[in-house]
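**Q** Structure, please.
(one chain, ligands or ions: 3)
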Amino acid sequence: EWEAIETGTGNTVYSGTVNLTTTQSGSTYNLTDGARGNHKTYNLNRGTSGTGTLFSGSDDVWGNGSPSNLESAGADAHYGAALTWDYYKNVHGRSGIRGDGVGAYSRVHYGNNYVNAFWSDSCFCMTYGDGSGNSNPLTSIDVAAHEMTHGLTSNTAGLNYSGESGGLNEATSDIFGSTVEFFANNSSDVGDYLIGEEININGDGTPLRYMDKPSQDGSSKDAWYSGIGSIDVHYSSGPANHFFYLLSEGSGTKTINGVTYNSPTSDGLPVTGIGRDKAEKIWFRALTTKFTSTTNYSGARTGTLAATGELYGTTSAEYKAVQDAWAGVNVGT
Ligand code: ASN
Ligand code: ZN
Ligand code: CA
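**A** Ligands and ions are numbered 1, 2, ... in the order given. Have a look, this model is predicted:
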C-alpha cells in the first residue's frame with residue numbers, strides 16, 4: 001500500500017511542540033519517519049518483549065505534553081531519533097546507524113516503573129522506561145541520542161563494553177548525546193554538557209552526569225588512573241567526557257546557555273578549547289576510523305591525535321589542544 005510522508009505535530013514531554021515526520025496510509029497516520037529510513041516508534045504499553053503496537057491514529061497530532069498521555073513519550077522518542085539521524089547525516093555525513101540509510105526503531109513504555117533506557121543490537125532498536133511513578137519517561141534528547149549512539153559505536157569501533165574500552169563506549173554516547181542536544185537548538189531543552197538533566201532520575205533535579213567535572217556525580221572520575229578499567233563503565237567514561245569538554249570549551253569557568261561550568265585539569269595547566277564543532281569531528285573520525293574493540297585510554301589519545309592530524313595537520317592549534325586536553329585528564333604518551 002502506498003504511504004505518503006507527512007509532517008505531524010508532537011507535543012513532547014521535554015521538548016515542547018515539535019514537527020514530527022510521519023506517514024499517512026489511507027485515513028490513518030503512523031509514527032513512521034518516512035524521511036529517515038522509516039524509523040518507527042512503538043508503544044509497549046508496559047510490556048517487555050516484542051514491539052507492542054505502532055503509534056497510529058486518525059490525526060497527525062501526537063501527545064499533549066503530559067506523560068500521562070501515552071503518545072507524549074512516543075513523540076519525544078520519535079523526535080530524538082529524528083534529531084540523532086539528522087545530526088549524523090548533516091554533521092558527519094553518515095546515513096543511519098549502519099550508514100546504510102536504514103532506520104532503527106524505538107519502543108516506549110517498557111515495563112513497569114522501569115528507570116532506564118537501552119539500545120539493543122539484536123533488535124536494532126532503542127527502548128525507554130517510564131521512570132518510577134510513571135512520571136519521568138527516559139525520553140529526553142540527550143538520552144535518546146546516547147542510546148542510539150550505542151548502535152553507532154557497535155557498528156563502527158565496536159568498543160567492548162567493559163574495562164577502559166567500556167568507559168570509552170559510554171563516553172562516546174555521552175559526547176554525542178550532548179552534541180545532538182546542542183544540534184537540536186530546542187528552546188525547551190537547550191544544549192548543555194550535562195546528561196539526563198531533564199529526566200530527574202536522582203529525584204532532586206540533578207543530572208546523571210557532568211562532562212566539565214565528572215566527579216560532581218559522586219562516582220565518575222575526572223582523570224585517568226591505572227585501575228580505572230575496574231569501575232563501572234558509566235564512571236570510567238569520566239576522563240573521556242572531561243577530555244571532550246576541555247577540548248571543546250577549554251579549562252576554567254564558562255557559562256553556556258545559562259549553565260556555568262568549572263572545568264579543572266589534573267595537571268593544573270590550562271587548556272584552550274577549539275570549539276565543539278571541531279571537537280565532535282575529531283571524536284567521530286577517531287571512533288569510525290581509528291578505534292577498535294580493545295582501544296583503551298592510551299589508544300584513544302593516539303587515535304584522536306591521528307584523526308586531528310588528518311583533519312587539521314600535526315602542527316595545528318587543534319593538534320596541540322588535543323594533546324593538552326588529554327594531559328588535562330592524566331592521559332599521556
Ligand atoms: N542506559 C544505560 C546505558 O545506555 C543502559 C546500560 O547500562 N547499558 O548505558
Ligand atoms: Zn550508555
Ligand atoms: Ca543534556
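**Q** can we go C-alpha only for contacts and neighbour counts from here?
**A** OK.
**Q** Would you mind giving the secondary structure of the closest residue to ligand 3 within the stretch 201-333 of the chain?
**A** Nearest to ligand 3 in the stretch 201-333 of the chain, going by C-alpha to the ion, is residue 207, at a distance of 8.0 Å. Put simply, residue 207 is coil when judged by DSSP: H, G, I helix; E, B strand; the rest coil.
**Q** Quick check: it touching residue 193?
**A** No. Using C-alpha atoms under 8 Å, residue 207 is not in contact with residue 193, being 10.0 Å away.
**Q** Tell me which of those two has more neighbours.
**A** Ranked by neighbour count (other C-alpha atoms under 10 Å), residue 207 and residue 193 place residue 193 first, with 27 against 19.
**Q** Next, the contact list for that one, please.
**A** Residue 193 is in contact with 178, 210, 211, 212, 245, counting by C-alpha atoms under 8 Å, 6 or more residues apart in numbering.
**Q** Name the helix or strand for residue 284, please.
**A** According to DSSP states H and E, residue 284 maps onto helix 276-289.
**Q** quick one: average confidence on the following helix or strand past that helix?
**A** Using DSSP H and E, the helix or strand that follows helix 276-289 in sequence is helix 297-312. For helix 297-312, the mean per-residue pLDDT is 98.
**Q** list the buried ones in helix 297-312?
**A** Neighbour counts using 16 or more other C-alpha atoms under 10 Å place 297, 299-309, 311 of helix 297-312 among the buried residues.
**Q** residues in contact with the residue of the stretch 201-333 of the chain closest to ligand 3?
**A** Neighbouring residues of residue 207 by C-alpha under 8 Å, 6+ apart: 194, 195, 196, 197, 198, 199, 200, 201, 217.
**Q** Then residue 114?
**A** Listed by C-alpha under 8 Å, 6+ apart, the contact partners of residue 114 are 129, 130, 131, 132.
**Q** repeat that with 10 Å
**A** Taking C-alpha atoms under 10 Å, 6 or more residues apart in numbering, we find residue 114 in contact with 46, 128, 129, 130, 131, 132, 133, 134, 137, 138.
**Q** May I see those residues organised as CSV, with secondary structure, distance to residue 276 and neighbour count added?
**A** Below are those laid out as CSV (DSSP: H, G, I helix; E, B strand; the rest coil; distance: C-alpha to C-alpha, whole Å; neighbours: other C-alpha atoms under 10 Å):
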residue, secondary structure, distance to residue 276, neighbour count
46, coil, 38, 16
128, strand, 28, 27
129, strand, 30, 26
130, coil, 31, 25
131, coil, 31, 23
132, helix, 34, 14
133, helix, 36, 11
134, helix, 35, 15
137, coil, 28, 32
138, coil, 25, 31
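**Q** Which residue in the residues you listed has the weakest pLDDT?
**A** Looking at these by pLDDT, the weakest one is residue 134, with 47.
**Q** tell me the mean pLDDT over the one helix or strand residue 118 maps to?
**A** Using DSSP H and E, residue 118 maps to strand 117-120. Confidence over strand 117-120 (mean pLDDT, whole number) is 98.
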